[in-house]
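*Asks:* Pasted the sequence and its predicted model underneath.
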Amino acid sequence: MKVQNRTIVVTGAGGGIGRALVLNLLERGAKVAAVDINATLLAETKEKAAKYAERLTTHLVDITNRAAVEASLEEIKAAHGAVDGLINNAGIIQPFVKIADLDYAAIERVMNINFYGMLYMTKTFLPELQSRLEGHIVNISSMGGFLPVPGQSVYGASKAAVKLFTEGLWAECMNTGVKVTIVFPGAIATNITVNSGVAIPGGATAENSSFKALDPNKAATIIVDAMEADKFRVCVGPDSRFLDFLYRLHPKFAAKFIAKQMAALLK
Ligand SMILES: NC(=O)c1ccc[n+]([C@@H]2O[C@H](COP(=O)([O-])OP(=O)(O)OC[C@H]3O[C@@H](n4cnc5c(N)ncnc54)[C@H](O)[C@@H]3O)[C@@H](O)[C@H]2O)c1
């Protein structure tokens, strides 16, 4: 769906990829409803998008709160008249620990934001998108949603749930005006670790990884291009594209390869 003159809701709009998505959509002439739980980050996004102020609204919403999500539909429709697109981008990672050491509170937090938050947004906004001639839902999974990353097993499970949910939704909407795209970013240079309240152990950094983390603005361009081209799926970054290929070729070899790469995180 071409985004010009369309109203698109973006969750996690105060963060790295979300903020870049907001700016990218505004540059392409879209109207944007920016959703985040963090008022400070949301205000920064608004400031950075000041020249497009008349096409941008911000909404302080915790996507794990179903009543708040449902209320945001009316708030956004009141501001923009209608909604044509939804990008479910908000997400967090888990602490870098093995499953045996991960407490239930952390597990529930990851599942609530990454899966249930995306679910509440999708179920709330889908009827509105179906009422339009054209609509589009983009869900942000992760390369960790198709490839097992030790120390991020529950995060991976939440993102695998996003993957299959989205592919099922694509099939259900196939012959309708609503298009659906699933996105698998590789490493993107954002503050997700800090924003998720997670410490990086073992001295692992983006610099000692085999792949350089991608600029969020580049990621946003790839994601909105995929949306405008009605793509079924898109891998964002050379790491995601390479590991997607490797995993399909030989899942066990790929699992060993990434376990070796990530070993420093679990020391
Ligand atoms: N950064 C990466 O390397 C990477 C890789 C693969 C996938 N992703 C995925 O991309 C998405 C965006 O990640 P990012 O790196 O930009 O992270 P980020 O931390 O920079 O941004 C995430 C935003 O989501 C918001 N958020 C968190 N919980 C929320 C809630 N309950 N309700 C509303 N908003 C909430 C945060 O306040 C933050 O502004 C996530 O789904 C993440 O899993 C990121």
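*Replies:* Received, thanks.
*Asks:* Please enumerate the helices of the stretch 151-267 of the chain.
*Replies:* 153-173, 192-195, 216-228, 238-249, 251-261 (DSSP state H, counting those that start in this stretch).
*Asks:* quick one: which of these is nearest the ligand?
*Replies:* Ranking the helices of the stretch 151-267 of the chain by their distance to the ligand (criterion: Cβ to the nearest ligand atom) puts helix 192-195 first, at 3.2 Å. No exception for glycine: its C-beta is placed from N, CA and C like everyone else's.
*Asks:* Against which helices or strands is that closest one packed?
*Replies:* Helices and strands touching helix 192-195, as assessed by 3 or more Cβ pairs under 8 Å, 6 or more residues apart in numbering; DSSP states H and E, are absent.
*Asks:* Residue numbers of the stretch 1-150 of the chain in contact with the ligand?
*Replies:* Within the stretch 1-150 of the chain, the positions lying close to the ligand (Cβ under 6 Å from any ligand atom) are 11-12, 14-18, 36-38, 41, 61-64, 89-92, 113, 117, 140, 142.
*Asks:* just to revisit the earlier point, export the helices of the stretch 151-267 of the chain to JSON lines and append columns for distance to Ser131, mean neighbour count and mean pLDDT.
*Replies:* Listed next are the helices of the stretch 151-267 of the chain as JSON lines, based on distance: least, Cβ to Cβ, whole Å; neighbours: other Cβ atoms under 10 Å; pLDDT from 0 to 100:
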{"stretch": "helix 153-173", "distance to Ser131": "13", "mean neighbour count": "19", "mean pLDDT": "98"}
{"stretch": "helix 192-195", "distance to Ser131": "34", "mean neighbour count": "14", "mean pLDDT": "95"}
{"stretch": "helix 216-228", "distance to Ser131": "19", "mean neighbour count": "20", "mean pLDDT": "98"}
{"stretch": "helix 238-249", "distance to Ser131": "34", "mean neighbour count": "17", "mean pLDDT": "98"}
{"stretch": "helix 251-261", "distance to Ser131": "41", "mean neighbour count": "14", "mean pLDDT": "95"}
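*Asks:* Could I get those helices in JSON lines, plus columns for distance to the ligand?
*Replies:* Formatted as JSON lines, the helices of the stretch 151-267 of the chain follow (distance: least, Cβ to the nearest ligand atom, whole Å):
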{"stretch": "helix 153-173", "distance to the ligand": "7"}
{"stretch": "helix 192-195", "distance to the ligand": "3"}
{"stretch": "helix 216-228", "distance to the ligand": "6"}
{"stretch": "helix 238-249", "distance to the ligand": "8"}
{"stretch": "helix 251-261", "distance to the ligand": "13"}
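*Asks:* Residues contacting the helix or strand where Glu108 lies, please?
*Replies:* Secondary structure assigned from DSSP states H and E places Glu108 in helix 104-111. Residues outside helix 104-111 that contact it (Cβ atoms under 8 Å, 6 or more residues apart in numbering) are 92-95, 154-155, 157-158, 161.
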